[in-house]
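Asks: With the sequence up front, the predicted model follows.
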Amino acid sequence: MIVDLLLSECPVTVRQQIKYGKPLTTPIFRHGSPKWGELLRDSRRLYEDGKIIELDEDELFILMSEAGELAQFEGEEVMLDVPFQHLEKPGWTIVYVRTGGKVEKLEVPPVTSCEDVTFEGVPEAKV
């Protein structure tokens, strides 16, 4: 990530990421932590303002998602597009996503092999 700003003008999270020379795909903050979410939101804002002038394809993919964005779900603030361990169902994952302006909670069962992956409701690609 290369920014078109003086380092001192960058948000602290972005400044620290640049200082360590790491791309957004290798964050210096723990994945899913409040600081990680702040890094993504700060970076996304700089990108939307035209202040990030170089990103690799994977960094752009992250910024084009809602990963790290905050939203309300049933009165609780949640981070979107981030898999979290399901505390009540071992091996399961919870992901909060925004669909059509509404935040939904997805409970994802464990995947132990490719045979476990289904795309129910997704039309088969035509070649």
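Replies: Now that the structure is in, tell me what you want to look at.
Asks: packing partners for the lengthiest helix in the chain?
Replies: The longest helix of the chain (DSSP state H) is helix 34-48. Counting contacts by 3 or more CB pairs under 8 Å, 6 or more residues apart in numbering; DSSP states H and E, helix 34-48 packs against helix 12-19, helix 57-64. Bear in mind the C-beta positions are built from the backbone N, C-alpha and C, glycine included.
Asks: what's the angle from that helix to helix 57-64?
Replies: Relative orientation of helix 34-48 versus helix 57-64 (axes from the mean of the first three to the mean of the last three CA atoms, to 10 degrees): 100 degrees.
Asks: What residues sit buried inside the helix or strand that comes right after helix 34-48?
Replies: Using DSSP states H and E, the helix or strand that follows helix 34-48 towards the C-terminus is strand 52-54. Residues I52 are the ones in strand 52-54 that count as buried (16 or more other CB atoms under 10 Å).
Asks: likewise stretch 78-97?
Replies: V78, M79, L80, V82, H86, T93, I94, V95, Y96, V97.
Asks: now the angle between helix 12-19 and the longest helix of the chain, please.
Replies: Using the same axes, to 10 degrees: helix 34-48 against helix 12-19 is 80 degrees.
Asks: Can you give the contact residues for helix 34-48?
Replies: With contacts defined as CB atoms under 8 Å, 6 or more residues apart in numbering, helix 34-48 is touched by 1, 3, 5, 10-11, 13-14, 17, 24, 27, 29-30, 52, 55, 62-63, 67-70, 79, 82.
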